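S.K.: what would the 3D arrangement of this be:
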Amino acid sequence: MKELQYINQFFYKYRFRLLLGIVISIASRYLAVKVPEIVKNSVNVASDYHHGRLTDLAFVESELLHNIYLIIGLAVLSGFFTFLMRQTIIVTSRLIEFDLKNNVYQQYQRLCLNFYKKNRTGDLMNRISEDVGKVRMYVGPALMYTINMLIMFSVAIYKMIQIDIKLTLFTLIPFPLLSVSIFVLSRSINKKSTIVQKQLSKLTTFTQEVFSGVNVIKSYAIEGITKRDFIEIAQDNKQKNINLFKVQAFFFPLMILLIGISNIIVLYVGGMQYIGGQITMGVIVEFIMYTNMLTWPVAVVGWVTSTIQEAEASQKRINEFLRQEPEVVNIVEESSHPIKGAIAFENVSLTYSDTNIKALHDISFELNSGETLAIIGKTGSGKSSVLNLVSRLHDATTGNVKIDDRPIGKYNVFSLRSHIGFVPQDPFLFSDSIANNIRFGKKDATDEEMIDAAKKAVVHDNINSFKNGYATVLGERGVTLSGGQKQRVSIARAIVKNPKIYVFDDCLSAVDTETEERILRNLKTISKNNTSLIVSHRISAAQHADQVIVLDYGKIVQRGTHTQLLDQDGIYRDMYKQQLEEKELE
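M.R.: Residues are numbered from 1 along each chain as shown. Take a look at the predicted model:
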């Protein structure tokens, strides 16, 4: 249970609830084990009357009726305490589940982009849902049944020893076999549970990718192939679950067999003692009741052991993520340090750890507050990597990135990003209304601010053309909108935020040239007091920039203004001529 030690912090947090649950459990089980003693007295009274040792029938009837009332009362009280026990322990398990899911989710948010490149969405979802659910079964039902089992064993066996130690020892003969069986089966369950959870993650990932890429599947008419692949993974998942359940299926019959053997021993040994006059008939009945009272606790040992092994396997998978440290470490407390927007790169290089690709080589430039920098280059030249460093989505491998002459690592990462309006190359819109997607940049934005931002992003007219206007609810990832509309809504989201630094990552690639020019003019106006970085493979995006740098294979090969670069031989002028020719052919 090494991996489950992580849960101990939650046990300590809710220790008073758990202690109360244990006290209630003791009370409930103590009341339950009083019943066999009362039954024994009833049997002895009836036996004495039958054999003539008691002759007062009224006394016998009164004693039996009194015992019946006691049994009913004890059953009601035991049931009430059992209800309270579940209200304390099971509710506590739900609270722990809530805390654990929050811890996992917060860790997901802390981890960097490389983590998401290495792990699939389906696996991430499975660990925060299915795996956490398995752990909850350990901290809830498994814990509750374990407490019940220990209390019942302790109280029942103590009572049995008090009555007849010889008969008790004979009754417990099968239990060493139980211990060995549990040890062997639990090891197998642990291994198979880990395999099952990994396979479930694979199945979840496959279905999530199918749903996300359903348009591609339909476009290529590969529904049949996808269905066949799904059935193959599902069959594999089914077989691995069957293999696990085959092992688990041994537990319950084995427990019943052992209890049955114990009952036979009680009947035989107790019967011989009764014939010899050593014990009464009531004692045999009492022992059988105690033995059968142990049936459920003993039977549940298998289920508890299986549940703990599954929880151990699941918590191990959860811990794999919880132990990971983010590559971008936020070591600075939240502060109100003002950001003006001046940016400087000093001999910056960046190598991605997941691929070992060197994206940037010795990049240096300075951008004053309020200026606009255009970064031009072909696909794979490192343009987006520069923006990722400014937003501190990655940290530079060597060199320094500075904001207002201060190393970027000395800013609280959340404060830094709150001053940046980031528009990614592939805009992500949520399954919510268009209004809320724009307000994602500024939650308290007024309707006027939102509409003004949409107008500047040249998407207001498109939104008004929808039946529900700004209240239109988008499909997953904004599938309701065209590529250009999604980009412009994403731009409106950044504009409404009014940040100190605008970061545009080729965010106009899906709009036509005329719309692009309108948006660029608007951006030039609204960002005159804000620093802007515009990445593009179109020269038109660089025409009004204060500085232009041209990247090629991660290196700056040209720098200057639009006019200066047109006067130079190089990539910039070649790209300009090519795009001009393409425009004339349209």
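S.K.: from here on, just use CA atoms for contacts and neighbour counts.
M.R.: Noted.
S.K.: for D552, what are phi and psi?
M.R.: phi -150, psi 120 (degrees, to the nearest 10).
S.K.: ditto for K358
M.R.: Torsion angles at K358 (phi, psi; degrees, to the nearest 10) stand at phi -90, psi 100.
S.K.: mind checking pLDDT for K101?
M.R.: Looking at K101, its pLDDT reads 93.
S.K.: so it, which of the three states?
M.R.: Three-state assignment for K101 (DSSP: H, G, I helix; E, B strand; the rest coil): helix.
S.K.: any idea how far the closest residue to it other than its chain neighbours is from I90?
M.R.: Leaving out its chain neighbours, the residue that sits closest to K101 by C-alpha to C-alpha, 6 or more residues apart in numbering is I128, at 6.0 Å. Distance, I128 to I90, using C-alpha to C-alpha, to the nearest Å: 19 Å.
S.K.: hang on, T372 packs against I526?
M.R.: No. In this structure T372 lies outside contact range of I526 using C-alpha atoms under 8 Å: 11.7 Å.
S.K.: higher neighbour count, these two?
M.R.: For T372 versus I526, neighbours defined as other C-alpha atoms under 10 Å are more numerous around T372 (25 against 14).
S.K.: look up phi and psi at that one.
M.R.: Residue torsions, per degrees, to the nearest 10, at T372 are phi -120, psi 130.
S.K.: buried ones in stretch 117-128?
M.R.: R120, T121, G122, D123, L124, M125, N126, R127, I128 (16 or more other C-alpha atoms under 10 Å).
S.K.: may I ask which helix or strand encompasses the closest residue to the first one other than its chain neighbours?
M.R.: Sequence neighbours aside, T205 is the residue nearest to R120 in space, at 6.5 Å (criterion: C-alpha to C-alpha, 6+ apart). For T205, the host element (DSSP states H and E) is helix 175-212.
S.K.: do I have it right that S349 meets I357?
M.R.: No. Counting by C-alpha under 8 Å, I357 is not a contact partner of S349; they are 11.1 Å apart.
S.K.: more neighbours, these two?
M.R.: Comparing S349 with I357 by neighbour count (other C-alpha under 10 Å), the higher total belongs to S349, at 23 against 10.
S.K.: tell me the bridge partners for the more buried one.
M.R.: For S349, the beta-bridge partners are T398 (DSSP bridges).
S.K.: residues in contact with it?
M.R.: K358, A359, L360, H361, D362, I363, A396, T397, T398, G399 (C-alpha atoms under 8 Å, 6 or more residues apart in numbering).
S.K.: doesn't L551 belong to a strand?
M.R.: Yes. Judged by three-state DSSP, L551 forms part of a strand.
S.K.: quick one: the helices in the stretch 101-250 of the chain?
M.R.: Assigned by DSSP state H, counting those that start in this stretch, the stretch 101-250 of the chain shows helices spanning 113-118, 121-126, 132-137, 143-163, 165-171, 175-212, 214-219, 223-248.
S.K.: of the ones you listed, flag the one that's most buried.
M.R.: helix 132-137 (a mean of 23; mean count of other C-alpha atoms under 10 Å).
S.K.: in stretch 414-432, what counts as buried?
M.R.: For stretch 414-432, by 16+ other C-alpha under 10 Å, it's 415-425, 427-432.
S.K.: pLDDT on it, on average?
M.R.: On average, stretch 414-432 scores 85.
S.K.: assign a three-state SS to L393, would you?
M.R.: Following three-state DSSP, we place L393 in the coil state.
S.K.: show me what counts as buried in stretch 522-534.
M.R.: L523, K524, S527, N529, N530, T531, S532, L533, I534.
S.K.: what's the lowest-pLDDT member of the residues you listed?
M.R.: Lowest pLDDT among those: S527, 77.
S.K.: I figured that one hits G370, correct?
M.R.: Yes. Using C-alpha under 8 Å, S527 is in contact with G370, at 7.1 Å.
S.K.: returning to that earlier point: so what's the residue nearest to R120 up against?
M.R.: Counting by C-alpha under 8 Å, 6+ apart, T205 touches R120, T121, G122, D123.
S.K.: if you set the cut-off to 10 Å instead, what comes out?
M.R.: N119, R120, T121, G122, D123, L124, M125, N126, Q199 (C-alpha atoms under 10 Å, 6 or more residues apart in numbering).
S.K.: how near is it to K101?
M.R.: For T205 relative to K101 (C-alpha to C-alpha), the value is 19 Å.
S.K.: go on, A32?
M.R.: 37 Å.
S.K.: so for the two, which residue has more residues nearby?
M.R.: The neighbour comparison of A32 against K101 (other C-alpha under 10 Å) goes to A32, with 21 against 18.
S.K.: residue contacts, the residue nearest to the spatial centre of the chain?
M.R.: Residue closest to the average C-alpha location in the chain (C-alpha atoms, centre = their mean): I128, at 2.1 Å. Contacts of I128 were listed using C-alpha under 10 Å, 6+ apart, and they are E97, L100, K101, N102, N103, V104, Y105, Y108, S314, I318.
S.K.: can you map out the helices along the stretch 251-400 of the chain?
M.R.: Taking DSSP H, counting those that start in this stretch, the helices of the stretch 251-400 of the chain run over residues 251-275, 281-293, 295-322, 383-390.
S.K.: would TSV of those helices with distance to L74 and mean pLDDT be doable?
M.R.: Shown next, in TSV, are the helices of the stretch 251-400 of the chain (distance: least, C-alpha to C-alpha, whole Å; pLDDT from 0 to 100):
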stretch	distance to L74	mean pLDDT
helix 251-275	25	79
helix 281-293	15	82
helix 295-322	19	80
helix 383-390	69	90
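S.K.: need those in CSV with distance to F211, can you?
M.R.: Listed next are the helices of the stretch 251-400 of the chain as CSV, based on distance: least, C-alpha to C-alpha, whole Å:
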stretch, distance to F211
helix 251-275, 39
helix 281-293, 51
helix 295-322, 25
helix 383-390, 28
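S.K.: could you save those as TSV and add columns showing distance to V132 and mean neighbour count?
M.R.: Listed next are the helices of the stretch 251-400 of the chain as TSV, based on distance: least, C-alpha to C-alpha, whole Å; neighbours: other C-alpha atoms under 10 Å:
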stretch	distance to V132	mean neighbour count
helix 251-275	24	18
helix 281-293	32	21
helix 295-322	7	22
helix 383-390	33	22
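S.K.: what's the closest of these to S219?
M.R.: helix 383-390 (29.7 Å; C-alpha to C-alpha).
S.K.: could you export the closest one as CSV, CA atoms only?
M.R.: Extracted in CSV, the C-alpha atoms of helix 383-390 (Å, rounded to 0.1, in the frame of the first residue of the first chain):
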residue,chain,number,x,y,z
LYS,A,383,8.2,32.1,-35.0
SER,A,384,5.8,30.6,-32.5
SER,A,385,8.6,29.6,-30.2
VAL,A,386,9.5,33.3,-29.7
LEU,A,387,5.9,34.0,-28.6
ASN,A,388,5.9,31.0,-26.3
LEU,A,389,8.9,32.4,-24.5
VAL,A,390,7.3,35.8,-24.1
